[in-house]
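Give me coordinates for this.
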Amino acid sequence: QVQLVESGGGLVQAGGSLRLSCAASGSIFVPNAMGWYRQAPGKQREWVATMTTSGNTNYADSVKGRFTISRDNAETVYLQMNSLKSEDTAVYYCNFRPDLGPGSWSLVDLGSWGQGTQVTVSS
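Presented below is the predicted three-dimensional model:
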């Protein structure tokens, strides 16, 4: 079992920035992929960004150039969100899963999940 704790959400004006953090504990294994997903009201959970322990990264088209994912080690991941838009408003979830390759990163039914942190962007 892997436990995840997110922090850093909040309310920000459009154009502003926030930084999310996620720490994993428990049965950590390597290699792994840690990523961020989000779910807006009335919508399905969607993939935002992923970074593997080997340093591979990828982003959803909607956040490319605005969001940056980074890691300190095998157990922590961050999401720097700049130029925030109202459509970025959602609950953001951290995910921990085996590194099964880029084709698996957008799947929302794999791995362990945090409790989520609310990000609200006011226009």
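
What separation is there between the spatially most central residue of the chain and residue 6?
Among the residues of the chain, residue 36 comes closest to the average C-alpha position under Cα atoms, centre = their mean, at 1.5 Å. Relative to residue 6, residue 36 is positioned 9 Å away (criterion: Cβ to Cβ, to the nearest Å). Using the backbone N, CA and C atoms, a C-beta is placed for each residue, glycine as well.

which residues do these two both contact?
Listed contacts common to residue 36 and residue 6 are 20, 22, 92-94; contacts here mean Cβ atoms under 8 Å, 6 or more residues apart in numbering.

Who wins on neighbours among these?
Using other Cβ atoms under 10 Å as the neighbour test, the shared contacts of residue 36 and residue 6 are led by residue 94, with 28 neighbours.

any idea how far that residue is from residue 117?
Taking Cβ to Cβ as the measure, residue 94 and residue 117 are separated by 8 Å.

Next, show the common contact partners of the two.
Common contact partners of residue 94 and residue 117 (Cβ under 8 Å, 6+ apart): 6, 20.

Quick one: the helices in the protein, in order.
The residue ranges that make up helices in the chain, judged by DSSP state H, are empty, as it has none.

how about the strands in it?
Defined through DSSP state E, the strands belonging to the chain, from first to last, are 2-7, 10-13, 18-26, 32-39, 46-52, 57-59, 67-71, 76-81, 90-98, 112-113, 117-122.

Turn the ones you listed into TSV, including distance to residue 104 and mean pLDDT.
Listed next are those as TSV, based on distance: least, Cβ to Cβ, whole Å; pLDDT from 0 to 100:
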stretch	distance to residue 104	mean pLDDT
strand 2-7	16	96
strand 10-13	30	98
strand 18-26	18	97
strand 32-39	8	97
strand 46-52	9	97
strand 57-59	11	96
strand 67-71	16	97
strand 76-81	16	97
strand 90-98	7	97
strand 112-113	14	96
strand 117-122	23	98
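
Thanks again, I'm all set now.
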